[in-house]
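Colleague: Mind folding the following:
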Amino acid sequence: MNNAPSRCRALVLLGPTGSGKTPLGNLIEERGLWDCRWVHFDFGDRLRAMVADGSAGRRFSSEDVATAARVIDTGALLENDQWPLAERILRGFLADRVSDPQTCVVLNGLPRHVDQARAVETILDVGTILCLRCTTDALLERIRSNVGGDRDGRLDDDPEKVRARVALFHERTDAIMDYYRELDVRIRRIVVTATMTPDEIWRILENRGC
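Modeller: Predicted structure coming up:
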């Protein structure tokens, strides 16, 4: 296993469920962005993988797996007392995927509130925030049509659960924008429509530059 260098450059993807973060993060890793090499850390995907294969053992306990299952089922956020689990997941990803300080990291699903943002800053150098804005109706249509190709097999995509997660996003995650604004972190906003593809979002980003 590689030892990940500290304080790599990072981009945080912010947006409610269905706005296209996961397919965009995958595309950034595949194509690169702004002449940089990126790896995509998808926190939700990692939690779902833990639950699917019961990843207890070397890195995670059965209690960790149970916590991940509760988060997925309820749409809840990991709070401060559960941060050690999120940190182990993130540091494990960095150790596995980042081999040099020139590699940049797309953060998707972490941080989700201000205390997590402060904790992430001790691990990665967040230089850009990309906020994907999308109406609830457009989100529901994006999920229904699976415009990003990433919703197959999702058991948490019924409309009521989606609306609950969107409300929680605005309640807890919107405040992160103010936190990063105070740190003079670059903030990019893209309005995502019901039919906008990951390729279209990537091209907007690439053309705007860093």
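Colleague: Could you measure from I123 over to D150?
Modeller: From I123 over to D150 the distance is 26 Å, taken as CB to CB, to the nearest Å. All C-beta spots, glycine's among them, are computed from the backbone N, C-alpha and C.
Colleague: I meant A10, not that one.
Modeller: Distance from A10 to D150, by CB to CB: 21 Å.
Colleague: Now the one helix or strand E160 maps to - C-alpha only, CSV.
Modeller: With the criterion set as DSSP states H and E, the secondary-structure element containing E160 is helix 159-168. Coordinates of the C-alpha atoms in helix 159-168 are reproduced here as CSV (Å, rounded to 0.1, in the frame of the first residue of the first chain):
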residue,chain,number,x,y,z
PRO,A,159,-39.4,10.4,-4.0
GLU,A,160,-40.0,10.8,-0.3
LYS,A,161,-36.5,9.7,0.6
VAL,A,162,-35.1,12.0,-2.1
ARG,A,163,-37.1,15.0,-0.8
ALA,A,164,-35.9,14.3,2.7
ARG,A,165,-32.2,14.1,1.6
VAL,A,166,-32.6,17.3,-0.4
ALA,A,167,-34.0,19.1,2.7
LEU,A,168,-31.2,17.8,4.9
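Colleague: what's the model's confidence in that helix, averaged?
Modeller: pLDDT averaged over helix 159-168 equals 87, rounded to a whole number.
Colleague: Give me the neighbour count for N207.
Modeller: Other residues near N207 come to 7 when the count uses other CB atoms under 10 Å.
Colleague: how about it, secondary structure?
Modeller: Here N207 is recorded as helix under DSSP: H, G, I helix; E, B strand; the rest coil.
Colleague: hang on, the earlier thing: could you point out which element follows the helix holding E160?
Modeller: In N-to-C order, the element after helix 159-168 by DSSP H and E is helix 175-182.
Colleague: ok, and for that following helix, which residues are buried?
Modeller: In terms of neighbour count (16 or more other CB atoms under 10 Å), helix 175-182 has its buried residues at 176-177, 179-180.
Colleague: ok, these vs D45, which is closest?
Modeller: Taking CB to CB as the measure, I176 is the one of the buried residues of helix 175-182 closest to D45, at 20.2 Å.
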